[in-house]
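In: let's see this in three dimensions:
(chains A and B)
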Amino acid sequence: GNSVTQMEGPVTLSEEAFLTINCTYTATGYPSLFWYVQYPGEGLQLLLKATKADDKGSNKGFEATYRKETTSFHLEKGSVQVSDSAVYFCALAMDSNYQLIWGAGTKLIIKP
Amino acid sequence: NAGVTQTPKFQVLKTGQSMTLQCAQDMNHEYMSWYRQDPGMGLRLIHYSVGAGITDQGEVPNGYNVSRSTTEDFPLRLLSAAPSQTSVYFCASSYSGRPYEQYFGPGTRLTVT
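Out: Down below sits the predicted model:
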């Protein structure tokens, strides 16, 4: 079946460090891919998305590229801030239904 | 706009009790969903609705009921609470044209003892 695998956390970085959070997927067909972010004490919010191979989604300095050949959608940011501390979820969706398939989430901690 | 609102924020139940988690949205979204979030497991879909009067089961529907009598409201009922239902519950909504771009409420933390 369809699934999403994320790197386990927590990921701890210093402010201004480069961030990568790995996400790989298994899907029959061509899914759309998403990154959601959950700040402490809040609900999730959409961070970025990509709907076809080689698309790059970007928002708030974060980027992710839909790589069909490696079935990956890794999240990157060039210089993280303390305010980026949150849990990041990778997800996929197939057009055949209306359901998102979620990864387990990766907690990111940024130290000043 | 208030967005997606959920009540209560916290709840403690005893095994066997029933309760309703409330969810409302003021964005006129057609789609609404209920998820539970457990440590290390991401989000799991409980029930969802594509419009008023239409509901369907998600991945983990057992022990929960839903109804959708209006576009705005999508309550989740726990019929007979069990410790396995201890979790954080999120309601989400989206436009039918962008069903995967979901807006989430702040969550309800439920403990069943």
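In: all strands of chain B, in order?
Out: Along chain B, counting by DSSP state E, strands occupy B:4-7, B:10-13, B:19-25, B:31-37, B:43-51, B:54-57, B:64-66, B:76-78, B:87-94, B:103-104, B:108-112.
In: in the fifth one, what counts as buried?
Out: Spelled out, it's strand B:43-51. B:Leu43, B:Leu45, B:Ile46, B:His47, B:Tyr48, B:Ser49, B:Val50 (16 or more other CB atoms under 10 Å in any protein chain shown). In short, each C-beta sits where N, CA and C put it, glycine included.
In: does any bit of stretch A:56-64 sit next to chain B?
Out: No. Stretch A:56-64 stays clear of chain B (CB under 8 Å from any CB of the partner chain), getting no nearer than 11.7 Å.
In: residues making contact with that stretch?
Out: Contacts with stretch A:56-64, where a contact means CB atoms under 8 Å, 6 or more residues apart in numbering or on different chains, come from A:23, A:33, A:35, A:47-50, A:65-66, A:73-79.
In: relative to the whole chain's centre, how far out is stretch B:103-113?
Out: 8 Å (CA atoms, centre = their mean, to the nearest Å).
In: and it, anywhere near chain A?
Out: Yes. Applying CB under 8 Å from any CB, one finds stretch B:103-113 in contact with chain A at B:Tyr103, B:Phe104, B:Gly105, B:Pro106, B:Gly107.
In: show the average pLDDT along that stretch.
Out: Model confidence over stretch B:103-113 averages 96 on the pLDDT scale.
In: need the CA coordinates for that stretch. PDB is fine.
Out: The C-alpha trace of stretch B:103-113 is given here as PDB (Å, rounded to 0.1, in the frame of the first residue of the first chain):
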ATOM      1  CA  TYR B 103      -6.800  23.700   7.800                       C
ATOM      2  CA  PHE B 104      -6.500  22.300  11.300                       C
ATOM      3  CA  GLY B 105      -8.100  23.100  14.600                       C
ATOM      4  CA  PRO B 106      -6.000  23.500  17.700                       C
ATOM      5  CA  GLY B 107      -6.800  19.900  18.900                       C
ATOM      6  CA  THR B 108      -8.500  18.200  21.900                       C
ATOM      7  CA  ARG B 109      -6.300  16.300  24.300                       C
ATOM      8  CA  LEU B 110      -8.400  13.300  25.600                       C
ATOM      9  CA  THR B 111      -7.400  11.100  28.500                       C
ATOM     10  CA  VAL B 112      -9.400   8.000  29.300                       C
ATOM     11  CA  THR B 113      -8.700   6.400  32.700                       C
END
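In: which parts of it are buried?
Out: B:Tyr103, B:Phe104, B:Gly105, B:Gly107, B:Thr108, B:Leu110, B:Val112.
In: quick one: A:Thr28 and A:Leu92 touch, right?
Out: No. A:Thr28 lies out of contact with A:Leu92 (CB atoms under 8 Å); the separation is 11.2 Å.
In: need the residues touching each of those two.
Out: Residues touching both A:Thr28 and A:Leu92 (CB under 8 Å, 6+ apart) are A:Asn2.
In: name the residue in these two with the higher neighbour count.
Out: Higher neighbour count among A:Thr28 and A:Leu92: A:Leu92, with 23 against 9, using other CB atoms under 10 Å in any protein chain shown.
In: ok, the more buried one - contacts?
Out: Contacts of A:Leu92 by CB under 8 Å, 6+ apart are A:Asn2, A:Val4, A:Tyr25, A:Ala27, A:Pro31, A:Ser32, A:Leu33, A:Phe34, A:Leu100, A:Ile101.
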